[in-house]
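Q: with the input below, show me the fold.
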Amino acid sequence: MTKFSRVLKVTLQKQLAMLTRTILIYLLVVAVSFIFSLFISTSGKYWSTGLMGNVFAWTPIFIIVYLVRLILLSKNQMKSNSFRLIPISTNKLYLANILGVFISLLYVQIIHSIFIILSVVLGFFTIPHAQISGFYWRQVFTPQTINASLGGLLLGMLSPILIVILVHLIDFFSTVILKYIPGGAQRIVRVIVYIIVIALVIYILSNISGLGISIVNGSFLERAGAVWLVDGEFIIFVILAILINLGLLRSVETIR
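A: Below is the predicted model:
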């Protein structure tokens, strides 16, 4: 297994298998909560409303679950003897790992987009007099809408990837750098690193929240330029963090 494509395939298979099992748990949770909602609320009359509500309520929670599980799996792979002993460079191993995470997150987003669209369409055709006021299909295909949507989709993909890489950075940094720092100074250095990472994560979440608010209040199209600017910043952060992790990873010892 000396080819990058084969390493990526093996990495991706493990990640997708884990995510698929989690998606099945998501479907089970949605089904159970939907059944309960039929008995404890008035949604029984319009059951599709209850289904839509459960899909929308559980999706963001499970997005976090997917991200946490991917972080743990990818981090453990980079410290696994069976993975690190593959006869290929450490750089290619890490890049295959990150590319696998990116594809896995794309897989999750596509699956949940399908669930959301199906629940909305189902509600639209089963709720009497359901309509979307002032909606015209030609509005979806304007250059402004396409530009804003592409920027938002890219931000939605870059944000979790950056969080994964930042977690790797903390883990690798703690493993490699801190052992060379005197005990008294370790705490100070660790606090500084955590402050920087937490600030970046807050910045990431604030931009995602701002994007969501702009969609709700109708200012999404006006924010398209700002979204692309944030995308550019995130790309720079991702590249810098990957380069740092590649440098640290060479000194990270396997523990499994």
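Q: just the element for the closest residue in space to Leu106 that isn't next to it in sequence, please.
A: Of all residues not flanking Leu106 in the chain, Met157 sits nearest, at 6.6 Å (Cβ to Cβ, 6 or more residues apart in numbering). No exception for glycine: its C-beta is placed from N, CA and C like everyone else's. Met157 belongs to helix 143-176 when assigned by DSSP states H and E.
Q: helices or strands up against that helix?
A: For helix 143-176, the elements it packs on are helix 47-78, helix 90-126, helix 183-217, helix 224-249, judged by 3 or more Cβ pairs under 8 Å, 6 or more residues apart in numbering; DSSP states H and E.
Q: just give me the neighbour total for Gly123.
A: 19 (other Cβ atoms under 10 Å).
Q: quick one: contacts for the spatially most central residue of the chain?
A: Centroid-nearest residue in the chain, with Cα atoms, centre = their mean: Pro160, separated by 3.6 Å. Going by Cβ atoms under 8 Å, 6 or more residues apart in numbering, Pro160 touches 67, 105.
Q: local confidence estimate at it?
A: Note on Pro160: pLDDT of 86.
Q: how near is it to Leu70?
A: As judged by Cβ to Cβ, to the nearest Å, Pro160 and Leu70 stand 8 Å apart.
Q: I figured Gly100 hits Ser74, correct?
A: Yes. The pair Gly100 and Ser74 passes the contact test of Cβ atoms under 8 Å, sitting 7.5 Å apart.
Q: which neighbours do these two share?
A: Common contacts of Gly100 and Ser74 (Cβ under 8 Å, 6+ apart): Gln15.
Q: if we can go back for a sec, tell me the angle of the helix holding Met157 relative to helix 90-126?
A: For helix 143-176 against helix 90-126, the angle by axes from the mean of the first three to the mean of the last three Cα atoms, to 10 degrees is 140 degrees.
Q: show me what counts as buried in helix 143-176.
A: 148, 151-152, 154-155, 157-169, 171-176 (16 or more other Cβ atoms under 10 Å).
Q: can you pull out the low-pLDDT segments for the stretch 151-256 of the chain?
A: Counting by pLDDT under 70, the stretch 151-256 of the chain shows low-confidence ranges at 183-186, 207-224, 254-256.
Q: go with 90
A: 151-164, 166-238, 241, 245-256 (pLDDT under 90).
Q: any chance of the helices and strands packed on helix 143-176 in JSON lines, plus distance to Leu16?
A: Shown next, in JSON lines, are the helices and strands packed on helix 143-176 (distance: least, Cβ to Cβ, whole Å):
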{"stretch": "helix 47-78", "distance to Leu16": "10"}
{"stretch": "helix 90-126", "distance to Leu16": "6"}
{"stretch": "helix 183-217", "distance to Leu16": "24"}
{"stretch": "helix 224-249", "distance to Leu16": "22"}
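Q: helices or strands up against the helix or strand hosting Phe36?
A: Element membership for Phe36, per DSSP H and E: helix 4-40. For helix 4-40, the packing partners by 3+ Cβ pairs under 8 Å, 6+ apart come out as helix 47-78, helix 90-126.
Q: and of those, who's closest to Glu253?
A: Proximity to Glu253 (Cβ to Cβ) singles out helix 47-78 among the helices and strands packed on helix 4-40, at 10.9 Å.
Q: can you name every helix or strand that the closest one contacts?
A: Helix 47-78 packs on helix 4-40, helix 90-126, helix 143-176, going by 3+ Cβ pairs under 8 Å, 6+ apart.
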